[in-house]
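> Structure, please.
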Amino acid sequence: METTVAMQHELSLKNACVEFMFVYQQKNIDKMLSLCNAGGIVEFVPLGDAGTGKIGELGKNIWITLTDCFPDIDNTLDAAVAEDENTIRCQVVIRGTQAKDFAGIESKGKTFDSDHIFVFRFSDDNIIERITVTWDHADFMKQLGA
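Numbers count the residues shown, from 1 in each chain. Here you go, the predicted structure:
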């Protein structure tokens, strides 16, 4: 019986990750944020200290800017794996065409296709309370001609 409950819990968390990535794909930032604790932490690892802040502030601003600068931004969730009872690691490919300058990268109309790892940490009530995102930032910049 406990195994079934644990499996259902894990499936519930994975479904929340799938929903997050789906609404990200739809560029629905408000819906993304509704799945999260706005005061929770987001960490965009390659950006160092400047890439760590609150989901409802830094996360919101980065996602709004990304969807504005890359209007065709898209993602594919390749895998979602439970690391523990409250943490899901997702392998995601994000791609898009740059239409505006982004984070000091001048727009040359180039596209990127980049593997990302999202680690979602959930509260006991299944709300995302921490998101850690990593990617090869040097490769991202190279693809955009920076």
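
> center of the protein - which residue?
Centrality entry for the chain: nearest residue to the mean C-alpha point is Phe118, 5.5 Å, by C-alpha atoms, centre = their mean.

> Next up, the contacts around that one.
Contact analysis of Phe118 by C-beta atoms under 8 Å, 6 or more residues apart in numbering lists 17, 21, 89-90, 92, 131-133. In this view, the C-beta of every residue, glycine as well, is placed from N, C-alpha and C.

> measure it to Leu33 for me?
15 Å (C-beta to C-beta, to the nearest Å).

> Ok, Lys54 next?
Look at Lys54 and Leu33: by C-beta to C-beta, they are 11 Å apart.

> how about low-confidence regions in this structure?
1-2 (pLDDT under 70).

> In CSV, could you pull the C-alpha coordinates for whichever helix in it runs longest?
Ordering each helix of the chain by length in residues (DSSP state H) puts helix 2-25 first. Output of helix 2-25 as CSV, limited to C-alpha atoms (Å, rounded to 0.1, in the frame of the first residue of the first chain):
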residue,chain,number,x,y,z
GLU,A,2,2.8,2.5,0.9
THR,A,3,4.5,1.8,-2.4
THR,A,4,1.3,2.8,-4.3
VAL,A,5,1.0,6.0,-2.3
ALA,A,6,4.6,6.9,-2.9
MET,A,7,4.2,6.1,-6.6
GLN,A,8,1.1,8.3,-6.8
HIS,A,9,2.9,11.1,-5.0
GLU,A,10,5.8,10.9,-7.4
LEU,A,11,3.5,10.8,-10.4
SER,A,12,1.7,13.9,-9.1
LEU,A,13,5.0,15.8,-8.8
LYS,A,14,6.1,14.7,-12.3
ASN,A,15,2.7,15.8,-13.7
ALA,A,16,3.2,19.3,-12.1
CYS,A,17,6.6,19.5,-13.8
VAL,A,18,5.0,18.5,-17.1
GLU,A,19,2.3,21.2,-16.6
PHE,A,20,5.0,23.8,-15.8
MET,A,21,6.9,23.0,-19.0
PHE,A,22,3.7,22.9,-21.0
VAL,A,23,2.5,26.4,-19.8
TYR,A,24,6.1,27.7,-20.3
GLN,A,25,5.8,26.4,-23.9
